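Asks: Sequence unavailable; structure follows:
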DNA sequence: AAATATTAATTCGCACACAAATTAATAATG
DNA sequence: CATTATTAATTTGTGTGCGAATTAATATTT
């Protein structure tokens, strides 16, 4: 039996624990989605990004979803093999690839439920406005604090503007 | 080019975006750790769990880390192949496997840095105490809200006590 | 004691997710 | 124009992560 052996946890460790639970909950939900509608969370995410601009390039999708191009490629492979998505090399610049939803893809996307449990969203939406804002800004603050370190050669960034490089 | 196309994002979408950034930051740090000290975040996590109770069973480690037994097994495989960890079947109940750190494992763990970026931790520790508590409790609240949905047959759970099943 | 159920761990198949290397095409420079 | 650099996407290799199926061992029931 593993006990907590009395060692009091640092606050940042508590943070990490909570974070892991959230991550796990999201992942479990994604797998649940996959069983129910045949689309995982990341797949839905990518399809939604495509929806926003039909014919988007891979890199644009990557920027928009905060995923790497390599990851996008593999997700697109699976979507394409199921004919939910269509790739078409750009004629003017043959390095680029335009990605489109097929009719089946559009239909699948429309049929898909929310990305988090409706219960969660409902519960979140039921919170008072200031509570929602507090949670959102807390997450954003954490993201900023973490992200700033990723770019380990840019000590000049201000906390308030770390996000979105250029979209 | 993907633009935000003016569609104002829902608050819960903003939340998810921030969450994804945090998740990504953690993952990137894990890969950075791997390059620097040869141990990923999850590997460190598992080794720490073992430290708390030498000879822990796989299931106990899984409970304690919020990971599935299958995941623990694969992580242990890699740790064992590098002789950082040792598996020994229990003699009384031969279904059970005790997991131990080797001397090399103990040394590697001691030499390993934190699982979150040190810059982040420093910055976090610099926050006022109430700010730290606010961030931690915000995350815990999210975890509770999301976790409650996972157990999709338990509408009775109160928000405040969803965590730790039994550890 | 024999049949059945439960439990622990592993194996298998799948889907991320990234960095690094590669390929192909375009842009910039001499 | 030829060489070099940059850019876009893919391929390759590694490491998570899970559920479902499997194997082996222990408990329970009949």
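Replies: That came through, no problem. These numbers come from a predicted model, not from an experiment. Residues are numbered from 1 along each chain as shown, chains lettered A, B, ... in the order given.
Asks: Now do the contacts for residue A:30.
Replies: When the contact criterion is C-beta atoms under 8 Å, 6 or more residues apart in numbering or on different chains, the partners of residue A:30 are A:40, A:41, A:42. In short, each C-beta sits where N, CA and C put it, glycine included.
Asks: Which residue in these has the weakest pLDDT?
Replies: Among the contacts of residue A:30, residue A:41 carries the weakest pLDDT, at 90.
Asks: Could you say which helix or strand holds the spatially closest residue to that residue that is not a sequence neighbour?
Replies: Distances taken as C-beta to C-beta, 6 or more residues apart in numbering or on different chains put residue A:30 closest to residue A:41, at 3.6 Å, once the chain neighbours are dropped. Using DSSP states H and E, residue A:30 maps to helix A:11-37.
Asks: Now do the buried residues in that helix.
Replies: Residues of helix A:11-37 classed as buried by neighbour count (16 or more other C-beta atoms under 10 Å in any protein chain shown): A:11-26, A:29-30, A:32-33.
Asks: Filter the contacts of residue A:30 down to the buried ones.
Replies: Buried residues within those, defined by neighbour count using 16+ other C-beta under 10 Å: A:40, A:41, A:42.
Asks: Which pLDDT does the model give the residue positioned nearest the centre of chain A?
Replies: Centroid-nearest residue in chain A: residue A:65, 5.5 Å away (criterion: C-alpha atoms, centre = their mean). Each residue has a pLDDT score; the one for residue A:65 is 90.
Asks: Can you pull the phi/psi pair for residue A:101?
Replies: phi -80, psi 140 (degrees, to the nearest 10).
Asks: ok, it touching residue A:84?
Replies: Yes - the criterion here is C-beta atoms under 8 Å, and residue A:101 meets it with residue A:84 at 7.0 Å.
Asks: tell me which residues in the worst-scoring helix or strand of chain A on mean pLDDT are buried?
Replies: Ranking every helix and strand in chain A by mean pLDDT, DSSP states H and E puts helix A:118-126 at the bottom, with a mean of 77. Residues of helix A:118-126 classed as buried: A:120, A:121, A:123, A:124 (neighbour count, 16+ other C-beta under 10 Å).
Asks: Any idea what residue A:88 is bridged to?
Replies: On the basis of DSSP bridges, residue A:88 is bridged to residue A:98.
Asks: Correct me if wrong: it contacts residue A:97.
Replies: Yes - judged on C-beta under 8 Å, residue A:88 makes contact with residue A:97 at a distance of 6.9 Å.
Asks: and the gap between residue A:141 and DNA strand D?
Replies: Going from residue A:141 to DNA strand D by C-beta to the nearest atom of the strand, to the nearest Å gives 23 Å.
Asks: Helix, strand, or coil at that residue?
Replies: Here residue A:141 is recorded as helix under DSSP: H, G, I helix; E, B strand; the rest coil.
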